[in-house]
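Enquirer: mind folding the following:
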Amino acid sequence: MDIRALTPTYAVSPQIDPADLPELKAAGFTTIIDNRPDGEIPFDLQAAQMKKAAEALGLTFVINPLIPGAFTPDNIALQSATLAAAPGPVFAYCASGNRCSIVWAMMNAGQMPTDDLIGIPARFGYRLDHLRPTLDALAGK
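Expert: Next up is the predicted model:
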């Protein structure tokens with residue numbers, strides 16, 4: 001598992017499996033967000049199975065499937081609300097971590113400089129340069 005901390009309270013990664021959950025809990029994460037639609041993954045990694053395993057460890061598990069290129073305002077609001085309500089660090093995953101990074105940038109537009117919203121994920125190989133106009137628009141620029 002490759003934990004990529006965008007901030008001290010929000011990290012992303014590629015797909016995890018139930019065996020990774022104890023390590024995430026030990027690392028201090030309190031909330032897990034599944035940003036991957038079930039249609040992309042095998043049954044044993046789908047949201048219901050992951051949720052059951054996470055909750056058995058006392059972790060909060062939030063299902064917020066992000067469809068590439070079709071994020072909704074509800075997706076952004078749920079991700080943001082989950083982070084705001086979490087009692088500790090939040091860990092989000094998808095296929096590569098890219099969608100989790102994009103939704104993070106979108107929910108922070110206007111709260112952080114656009115250069116940071118693009119630059120921080122870039123440290124982990126996530127290229128969000130093409131989103132600059134969207135992030136600026138969300139920020140009201």
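
Enquirer: the helices in the protein, which residues?
Expert: In the chain, the helices defined using DSSP state H lie at 21-26, 47-56, 73-85, 98-108, 114-122, 132-138.

Enquirer: now render these as JSON lines, adding distance to P14 and mean neighbour count.
Expert: Backbone N, C-alpha and C define where each C-beta goes, glycine included. Shown next, in JSON lines, are those (distance: least, CB to CB, whole Å; neighbours: other CB atoms under 10 Å):
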{"stretch": "helix 21-26", "distance to P14": "13", "mean neighbour count": "16"}
{"stretch": "helix 47-56", "distance to P14": "14", "mean neighbour count": "16"}
{"stretch": "helix 73-85", "distance to P14": "17", "mean neighbour count": "15"}
{"stretch": "helix 98-108", "distance to P14": "9", "mean neighbour count": "25"}
{"stretch": "helix 114-122", "distance to P14": "14", "mean neighbour count": "18"}
{"stretch": "helix 132-138", "distance to P14": "23", "mean neighbour count": "15"}
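
Enquirer: how far away from the center of its chain is stretch 83-102?
Expert: 2 Å (CA atoms, centre = their mean, to the nearest Å).

Enquirer: who touches that stretch?
Expert: Here stretch 83-102 makes contact (CB atoms under 8 Å, 6 or more residues apart in numbering) with 2-4, 6, 8-16, 24, 27-36, 40, 60, 66, 68, 71, 79, 82, 103-104, 107, 121, 124, 126, 128, 131.
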